[in-house]
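In: my questions concern the predicted model and sequence given below.
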Amino acid sequence: MQLKGKTAFLTGGVGGIGVAFARALLEKGCKVCITDVNADGGKKLEAELKQKYQDDVVFMQCDVTCASNMEEVFKTAVARFGGVDIMLNNAGIMHEGRWEAMISIMMRGTVIGTNLAIAHMRKDKGGRGGVIINTASRSGIYVYFTNPVYCAAKSGIVAHTRAWADIPDREQLGLRFACICPTPVDTPLMDITRESVNYFDYKYDDIQQMGRMTTETIAEGLVASWKMTEDDGLNNLHKEMRK
């Protein structure tokens, strides 16, 4: 199955990784519905991308923490493009001082988005199948005392994705799942402050030692994850991890 002609629904699409995701998918011939709470940034990005991709891209303002708003925007995207084949739960923040917002945006938002996509895509309910790709983090695998709540939210995303990837009737439903877990990425999210993380000096030194990946590299991982789910690589990897 090729990416060309598929439709993607992207949350958190106005930020660094989200923009890279949108560009990578559009370049592969996808139609992309970009969503974000940042209406001004979204309209600006839409105008820029339309110059090259025309009607293949649209921006819609959306709050991932509000289930009714997410459902409304998702249905609008389905009506506009005729369906959604790729769900990208990408919205996120990193600020320990706003821990409730972190859990709501990342964990709650991912669950809401995943449920909407499954209900729409599953073949036994008339869907055409598809893939759900969630943006997690290295912090979802390895914990850091500088970001306990961020780690908890990202760990939840990893576990949620792995659990869905292991359902026994996944192939019959036509559903595929993947989770991207990058190290620090060169986005404003990594412009940490003493309010956004605990033990600021430790976190700052840690980021300097690891360096920052480019958003383009993460976008390459997105395209690779699509291919991996096609080859059943994610499910096979999960089975190996359980041995």
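Out: Sure thing, it's come through. The structure presented is a predicted model; accordingly, all values stated were derived computationally and were not measured.

In: so who does the residue lying closest to residue 212 once chain neighbours are set aside touch?
Out: Nearest residue to residue 212, sequence neighbours excluded (C-beta to C-beta, 6 or more residues apart in numbering): residue 186, at 4.0 Å. No exception for glycine: its C-beta is placed from N, CA and C like everyone else's. Residues counted as contacts of residue 186 (C-beta atoms under 8 Å, 6 or more residues apart in numbering) are 16, 212-215.

In: okay, those in TSV with distance to residue 64 next?
Out: TSV is the format used below for these (distance: C-beta to C-beta, whole Å):
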residue	distance to residue 64
16	17
212	25
213	23
214	25
215	20
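
In: tell me which of the residues you listed fall in strands.
Out: Assigned to strands by DSSP state E, none of the contacts of residue 186 qualify.

In: of those residues - the most surrounded one?
Out: Neighbour count (other C-beta atoms under 10 Å) singles out residue 215 as the most crowded of these, with 21 neighbours.

In: tell me how far it lies from residue 18.
Out: According to C-beta to C-beta, to the nearest Å, residue 215 and residue 18 sit 9 Å apart.

In: from the centre of the protein, point out the most distant residue.
Out: What lies farthest from the middle of the chain is residue 201; by C-alpha atoms, centre = their mean that is 29.0 Å.

In: and that one, that's in a helix?
Out: Yes. Applying DSSP: H, G, I helix; E, B strand; the rest coil, one finds residue 201 inside a helix.

In: so residue 86 makes contact with residue 11?
Out: No. Here residue 86 lies out of contact with residue 11, judged by C-beta atoms under 8 Å, at a distance of 11.9 Å.

In: show me where this structure has strands.
Out: Taking DSSP E as the criterion, the chain carries its strands at 7-10, 31-36, 57-61, 86-89, 130-135, 175-180.

In: and those strands: which comes nearest residue 44?
Out: Shortest distance between residue 44 and these, using C-beta to C-beta, is found for strand 57-61: 8.9 Å.

In: tell me the angle the closest one makes with strand 31-36.
Out: Angular relation of strand 57-61 and strand 31-36 on a 0 to 180 degree scale: 20 degrees, by axes from the mean of the first three to the mean of the last three C-alpha atoms, to 10 degrees.

In: just the mean pLDDT for strand 57-61, thanks.
Out: Strand 57-61 comes out with an average pLDDT of 98.

In: pairing partners for that strand, with directions?
Out: Neighbouring strands of strand 57-61 in its sheet, by DSSP bridges, are strand 31-36 (parallel).

In: and the strand it pairs with, C-alpha only, in PDB?
Out: Output of strand 31-36 as PDB, limited to C-alpha atoms (Å, rounded to 0.1, in the frame of the first residue of the first chain):
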ATOM      1  CA  LYS A  31      -3.800  14.700   1.700                       C
ATOM      2  CA  VAL A  32      -3.300  16.200   5.200                       C
ATOM      3  CA  CYS A  33      -5.700  17.700   7.700                       C
ATOM      4  CA  ILE A  34      -3.600  19.700  10.100                       C
ATOM      5  CA  THR A  35      -5.100  20.500  13.400                       C
ATOM      6  CA  ASP A  36      -3.800  22.500  16.400                       C
END
